[in-house]
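>>> Have a look; sequence and predicted model below, questions after that.
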Amino acid sequence: MSGTAYITHNELTSALERLSKEMDVWIPVETGDKKWGIQFSKYQPGKAPLLERQSTTLPKKVLFPQVETLLRFCYQKDVEDRSRVTIDLKDLEDMAPAMVFGARPCDVRGFLTFDQVFLNGLHKDPYYAQRREKTLFATLVCETPDSACFCSSVGSGPADQAGSDLWIIPIEGGYLIESLNERGEKLLPKMGKEATQDQIESAQRFQEKAANERVGEGDLTRYVRAFEERFSDKAYWRDMVSKCISCGICTYVCPTCYCFTITDEMKELEGERLRSWDSCMFHQYTQEASGHNPRPTKFERYRNRVGHKFSYFPDKYNGMISCCGCGRCIRSCPVSVDIRQIVRQLKEEAGDCVST
Amino acid sequence: MGSKTEALAKQFEKVFDDLELVIGWETGFDSLHATPAFIRQPSALGRLIWNPFCSHNLSGYLTKTLNATAQEDAKKIGICVKGCDSRSVVALIQEKFISRERLYIAGIPCRGTVDLRRLMRLKPSLKDVNTVHIEGNELAVETARQTHRFPLQDVLLRKCLQCRYPNPVLYDELIGEPLTPRVTEGQAPPFVDKLEAHSLEQRRVFWERELDRCIRCYACRNACPLCVCQDNCILESRMPKWLSQRSGMSEKFFFHMIHAVHLAGRCTECGECERVCPMEIPVALMKEKLNQVVKELLDYEAGLNPETQPPLLTFDPSETGI
Amino acid sequence: MKSEAASTPEQELRIVGFLCNWCSYGGADTAGICRFKQPTDLRIIRIPCTGRMDPLFAVKALIYGADGVLVSGCHPKDCHYAVGNYYARRRMEVLKRFLPFIGIDTGRFRYSWVSASEGQLWQQVVKEFSEQIHRLGANPGLHEKIDVEASLFLF
């Protein structure tokens, strides 16, 4: 094992307190008084992270805020000649270094999809790149999968370390923090004392157990062609998607959904260019200026969601599935649309498909 | 309770020849989740269930997924409704979005449906449920190992705790015996009163705290059976532009005001907006207050009589005092 | 958050007036022609009829910081379009009673009926409403950052 540190349950907040002096520390906390949901928010003194179950919303917003200002602009009229207008631009503000503490492997794995799109193409997105560069992920090995989870079905798992810098393993009395790279290693001394051999061994046992756990049935990574064949089967999509209410929950709670829209919001001579989350579940997402909409109903829209994650994306990026199996779209869906089932049945005979 | 589930399937079997499809509930991805079912074959009627997890109001599908208006030679659409859902059906008939003739309504007297998140808070480990039903003032959840009992007060949806219409107001067949309402008429909505006991400043802070969580996924709007503008909602229109893409408090606040104001005098209090909210915001509360105002001012309750007209869609020259 | 301290009488506040084209807009004009002195906090938006008055106009103005909203149109029975204000009065009254529920003082919203010849009445309406808004002070607006300490736990 590389570097380790041990934090007791009681010392956790003081460790976070120390870290928060140097960076923004994002931790999972409850969404409101006596609410079931958990969301990520910046550490505030005295707030302990809630690590016992998966968060409702994601740390996605740390690297990809729901709304971010790409640039601010201001028109200035020449005092002498009012027809001469100059424009004053400000873009790409510096961000503070950040750490996401207590996300799950699935939450962090989602950023691998983002990396493909925002970093590895012809053009690099400077906004995302900056945040990616400056943000560390301390990820909790997952021991509480529920009936909506299916990470093992998409090539991940409860002990998937992809994308993480530090690894949090719950052991007797506290947590063992293990560094997964140099960036993580540097922070270890600020987090706790070095772990004892016993603690390391106990963590190893926990880690191995989680790594051997299989969460979710079957393998959902080989449906590229099956989707293409089902594409125009109207009855299939009608049966699968009738209950969808076409809201944006599944996309907003998805670790791999990266679609956005850009708008200029102006007031008098000043304004800003915003980039905000968009959702392929919305009618406006594909609305064209002419008024034509190539995806006019929820059936085409949901089909696109399935296709993007399990067919188009792997087709384009060497078989990489754009789904990390966190199950949020199933768990948060108000009508329990189950994407696993829709994908699985792509290969079934037309008459045998049932939507539950 | 199993008997009601069976009665439901049996009833639809009897009339299935006249039906295009049946909308009901079935078991979802696990035993705690019910999900809407669209049944097009009589052989699949066995999938239908009825239990306190069937909280979804299915009437929205009549306009948004199907076109339940009168059409020549079209078969009827079978639909399962609880008391609250039936009011939405009535409201949609009133506003002529659907036609009574196209519907075959199976009404189910309902003693309340479960707020899964409240249940999970009480018992996070709950799974593999065999049956669930209401016994007196308790919810009995039977798993393979044991039967858990929860006071209804702690696990029902907020709307069910103040339900005045457990019995469907419109139906072709009633499945089961009518029930006595938990709350009697004239009683003020308890949650509205609770907020009104606080000062103006505190109320604003309350809404700021609640609405701050809003992620603008628009689930509340899309789930609302009476949000009938669908893809033409003013919220997303660019011209005129009512709302910017910013996600400040004003935008969140105004978004919810749009929904509330458009439902004044129309909301049937099915509570879907609140049930579907992933952030657990009590959004239905605004509509409850508006309903109270409309009741006091115009003596009207939405979704009770298909013949009347919602009061804000009409006028009365003789009224005084306003 | 803006200061909640009552504004000084001299400080101009921002009242948005939605006036129907046929009566109250004319009434305001009459008041002007007759040189009836009025407070200057009011900014007038002309609408074709109070029947066009979407309650959300008022809500949006108040949420985005207006200190008061005044809606005015023809007297009931005198609507240029016969029935527009019959619809309007129901909507306005419902809104007026609803605003306090979301924490907006009901006194910040008023609707009135003023005909084109009632310049004097218009002066009185504007004067009264402006004074009322000055008593209430500037609209405290919404907190962009929520106040964790002031949490109000209800359900």
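Looks like it arrived, so ask away.
>>> so which residue of chain A comes closest to chain C?
Going by C-beta to the nearest C-beta, chain C is nearest to A:D33 of chain A, at 4.5 Å. From N, CA and C alone the C-beta is placed, and that goes for glycine too.
>>> Confirm that residue sits in a helix?
No: secondary structure assignment (DSSP: H, G, I helix; E, B strand; the rest coil) places A:D33 in coil, not in a helix.
>>> how near is it to B:M249?
Separation of A:D33 from B:M249 (C-beta to C-beta, to the nearest Å) stands at 18 Å.
>>> of the two, who's got more company?
Comparing A:D33 with B:M249 by other C-beta atoms under 10 Å in any protein chain shown, the one with more neighbours is B:M249, at 20 against 12.
>>> For that one, give its distance to chain A.
In this view, B:M249 and chain A are 13 Å apart by C-beta to the nearest C-beta, to the nearest Å.
>>> Remind me which helix or strand B:C160 belongs to.
Using DSSP states H and E, B:C160 sits within helix B:158-161.
>>> could you check whether that helix is close to chain C?
Yes: using C-beta under 8 Å from any C-beta of the partner chain, we find that helix B:158-161 touches chain C at B:R158.
>>> list the buried ones in that helix?
Judged by neighbour count (16 or more other C-beta atoms under 10 Å in any protein chain shown), helix B:158-161 contains these buried residues: B:R158, B:K159, B:C160, B:L161.
>>> Nearest to chain A among the residues you listed?
B:R158 (12.7 Å).
>>> Would you mind listing the residues in contact with the closest one?
Contacts for B:R158 (C-beta atoms under 8 Å, 6 or more residues apart in numbering or on different chains) come out as B:D115, B:F191, B:G271, B:E274, B:P282, B:A284, C:F155.
>>> want to throw the residues you listed into a markdown table with neighbour count and secondary structure?
Listed next are the contacts of B:R158 as a markdown table, based on neighbours: other C-beta atoms under 10 Å in any protein chain shown; DSSP: H, G, I helix; E, B strand; the rest coil:
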| residue | neighbour count | secondary structure |
| --- | --- | --- |
| B:D115 | 23 | coil |
| B:F191 | 19 | helix |
| B:G271 | 26 | coil |
| B:E274 | 22 | helix |
| B:P282 | 20 | coil |
| B:A284 | 26 | helix |
| C:F155 | 16 | coil |
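>>> Spatially nearest residue to the residue in chain B that chain C sits nearest to, not counting backbone neighbours?
With C-beta to the nearest C-beta, the shortest gap between chain B and chain C falls at B:R204, namely 2.6 Å. Once flanking residues are discounted, B:R204 sits nearest to C:G103: 2.6 Å by C-beta to C-beta, 6 or more residues apart in numbering or on different chains.
>>> Identify the residues contacting that neighbour.
Taking C-beta under 8 Å, 6+ apart, we find C:G103 in contact with B:L200, B:E201, B:Q202, B:R203, B:R204, B:V205, B:F206, B:W207.
>>> so of these, which ones are in helices?
B:L200, B:E201, B:Q202, B:R203, B:R204, B:V205, B:F206, B:W207 (DSSP state H).
>>> Now list the buried members of these.
Among the ones in helices among the contacts of C:G103, those scoring as buried are B:L200, B:R203, B:R204, B:V205, B:F206, B:W207 (criterion: 16+ other C-beta under 10 Å).
>>> check contacts around the residue nearest to C:R52 when sequence neighbours are not counted.
Using C-beta to C-beta, 6+ apart and skipping the chain neighbours, the partner closest in space to C:R52 is C:G84 (7.3 Å). Residues near C:G84 by C-beta under 8 Å, 6+ apart: C:C20, C:C49, C:T50, C:G51, C:R52, C:G73, C:C74.
>>> State the three-state secondary structure for A:Q345.
What three-state DSSP gives for A:Q345 is helix.
>>> And it, how close does it get to B:K96?
38 Å.
>>> what about the two, which has more around it?
Taking other C-beta under 10 Å, A:Q345 and B:K96 do not tie; A:Q345 has more neighbours (19 against 9).
>>> Would you confirm that the more buried one contacts A:M240?
Yes: contact criterion C-beta atoms under 8 Å: A:Q345 and A:M240 qualify, at 7.5 Å.
>>> Quickly name whichever of the ones in helices among the contacts of C:G103 is closest to C:F109.
Closest to C:F109 out of the ones in helices among the contacts of C:G103 is B:L200 (13.3 Å), distances taken as C-beta to C-beta.
>>> Next to chain B, which bits of the stretch 101-250 of chain A? Give me the list.
A:D146, A:S147, A:A148, A:D239, A:S242, A:K243, A:I245, A:S246, A:C247, A:G248, A:I249.
>>> what about the residue lying closest to the last one once chain neighbours are set aside, which SS state?
Counting by C-beta to C-beta, 6+ apart, the nearest residue to A:I249 once its immediate chain neighbours are dropped is B:C217, at 4.6 Å. Secondary structure for B:C217, judged by three-state DSSP, is coil.
>>> How much space separates B:C217 from B:G28?
Distance from B:C217 to B:G28, counting by C-beta to C-beta: 20 Å.
>>> quick one on the thing from earlier: and of the contacts of C:G103, the nearest to chain A?
Of these, the one sitting nearest to chain A (C-beta to the nearest C-beta) turns out to be B:F206, at 10.7 Å.
>>> For chain A, just list every one of the strands.
For chain A, the strands defined by DSSP state E cover A:4-8, A:24-30, A:38-42, A:67-77, A:85-91, A:98-103, A:135-140, A:166-171, A:174-179, A:260-267, A:270-277.
>>> mind listing the strands for chain B?
Under the criterion DSSP E, chain B contains strands at B:19-27, B:34-39, B:76-81, B:103-107, B:129-135, B:138-143, B:147-151, B:173-174.
>>> Can you report how many residues neighbour B:M239?
Close neighbours of B:M239, defined as other C-beta under 10 Å, add up to 4.
>>> Is any residue of stretch B:280-291 near chain C?
Yes: using C-beta under 8 Å from any C-beta, stretch B:280-291 reaches chain C at B:P282, B:M286, B:K289, B:L290.
>>> Name all residues that make contact with residue 89.
As the question left the chain open, I've gone with chain A. Per C-beta under 8 Å, 6+ apart, neighbours of A:L89: A:L71, A:R72, A:F73.
>>> wrong chain, I was asking about chain C
Residues in contact with C:R89 (C-beta under 8 Å, 6+ apart) are B:I322, C:T50, C:P76, C:Y111.
>>> Report pLDDT for the second one.
The score at C:T50 is 97. That number is its pLDDT.
>>> go on, the last one?
The pLDDT attached to C:Y111 in the predicted structure is 97.
>>> just the first one next, same as before
If you check B:I322, the pLDDT there is 81.
>>> residues from chain C in reach of chain B?
Residues of chain C lying close to chain B (C-beta under 8 Å from any C-beta) are C:55-56, C:59-60, C:63-64, C:76-77, C:83, C:86-87, C:89-95, C:97-98, C:100-105, C:140, C:142-144, C:146-147, C:150-152, C:154-155.
>>> Just the buried ones out of the residues you listed, please.
C:55-56, C:59-60, C:63, C:76, C:86-87, C:89-95, C:97-98, C:100-105, C:140, C:142, C:146, C:152, C:155.
>>> Next step: these restricted to helices.
Members of those lying in helices (criterion: DSSP H): C:55-56, C:59-60, C:63, C:86-87, C:89-95, C:97-98.
>>> Would you mind checking which of these is nearest to chain A?
Distances from chain A to those, taken by C-beta to the nearest C-beta, are shortest for C:K60, at 14.3 Å.
>>> The residue of chain C found nearest chain B and chain A, how far apart?
For chain C and chain B, the shortest gap (C-beta to the nearest C-beta) falls at C:G103, measuring 2.6 Å. From C:G103 across to chain A, the span is 18 Å (C-beta to the nearest C-beta).
>>> how many neighbours does the spatially closest residue to C:F101 that is not a sequence neighbour have?
Leaving out its chain neighbours, the residue that sits closest to C:F101 by C-beta to C-beta, 6+ apart is B:K289, at 4.5 Å. Per other C-beta under 10 Å, the neighbour tally for B:K289 reads 22.
>>> can you tell me which residues contact B:K289?
B:K289 sits next to B:P189, B:V192, C:F98, C:F101 when contact means C-beta under 8 Å, 6+ apart.
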